[in-house]
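Colleague: sequence plus predicted model, see below.
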Amino acid sequence: MRKSIVAFLCLFCSNLLLSNVYAQKQYLEITNLKNNRTKKIKEKKKITVYTNDLKKVYGPLKILDNETILIKETEIKLSDVLMIKNKSILVKIFSYVVLPVTMMLTIGILAVSGAGDSVTANIGVIGISAILATSQIKKKYKTERYKFKIAYD
């Protein structure tokens, strides 16, 4: 009896693992119409979608079928999309790692070298505003230059 339970659990767990390995993953494929370069946006990635009826929807991407995506309980047909925005990984690294480290190093060097409080404060304000500005940069994919479709891995 005990061996059959262990065998059943082993088969059940291996079935769960193998179903995830062989399952086809869906993603939103964005193709540049001029040079045919493609960009993949996987499910659960946060994007901003602008539609033909001038709605702006921000949230994680969920793919319903070959023509429809779901973002924050809003079903959107791909034919109704005007523009899609998302942050690139380079912008994220730059705004959340490189700029803060550079700002702190600059303020530290200025403090050690004996710069005045106003100079250090100005560098801090400029650095924080640069971080906030770059964190808002997003890549825009407009329907005039890009084609959107649902694809499978």
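Modeller: Ah, there it is.
Colleague: ok now do Thr51, which residues does it touch?
Modeller: With contact taken as C-beta atoms under 8 Å, 6 or more residues apart in numbering, Thr51 is in contact with 57, 76, 80-82. C-beta here means a position set from N, CA and C on the backbone, and glycine is covered the same way.
Colleague: buried subset of those, written for ChimeraX?
Modeller: Applying 16 or more other C-beta atoms under 10 Å to these leaves a buried subset, and the ChimeraX line that selects it is:
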select :57,76,80,81,82
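Colleague: now, the contacts of Thr51 that are in helices?
Modeller: Secondary structure assignment by DSSP state H places none of those in helices.
Colleague: save the contacts of Thr51 as TSV, and put in pLDDT too.
Modeller: What follows is those, written out as TSV (pLDDT from 0 to 100):
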residue	pLDDT
Val57	91
Ile76	91
Asp80	90
Val81	91
Leu82	91
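Colleague: let's see which of the contacts of Thr51 end up in strands.
Modeller: Taking DSSP state E as the definition of strands, the contacts of Thr51 contribute 57, 76, 81-82.
Colleague: now, which of those residues sits nearest Thr102?
Modeller: Minimum separation from Thr102 among the ones in strands among the contacts of Thr51 (C-beta to C-beta) is found for Val57, which lies at 34.6 Å.
Colleague: bridged to the closest one, which residues?
Modeller: Counting by DSSP bridges, Val57 is bridged to Val49.
Colleague: can you give me the neighbour number for Tyr141?
Modeller: Using other C-beta atoms under 10 Å, Tyr141 has 23 neighbouring residues.
Colleague: next secondary structure after whatever helix or strand it lives in?
Modeller: Counting by DSSP states H and E, the secondary-structure element that holds Tyr141 is strand 139-142. Going down the chain from strand 139-142, the next helix or strand is strand 146-152, by DSSP H and E.
Colleague: what is the burial count for the residue nearest to Lys44 when sequence neighbours are not counted?
Modeller: Across the structure, with C-beta to C-beta, 6 or more residues apart in numbering as the measure, the residue nearest Lys44 apart from its sequence neighbours is Pro60 (4.9 Å). If you count neighbours by other C-beta under 10 Å, Pro60 ends up with 12.
Colleague: need the contact list for Pro60.
Modeller: Pro60 makes contact with 43-47, 71-72, according to C-beta under 8 Å, 6+ apart.
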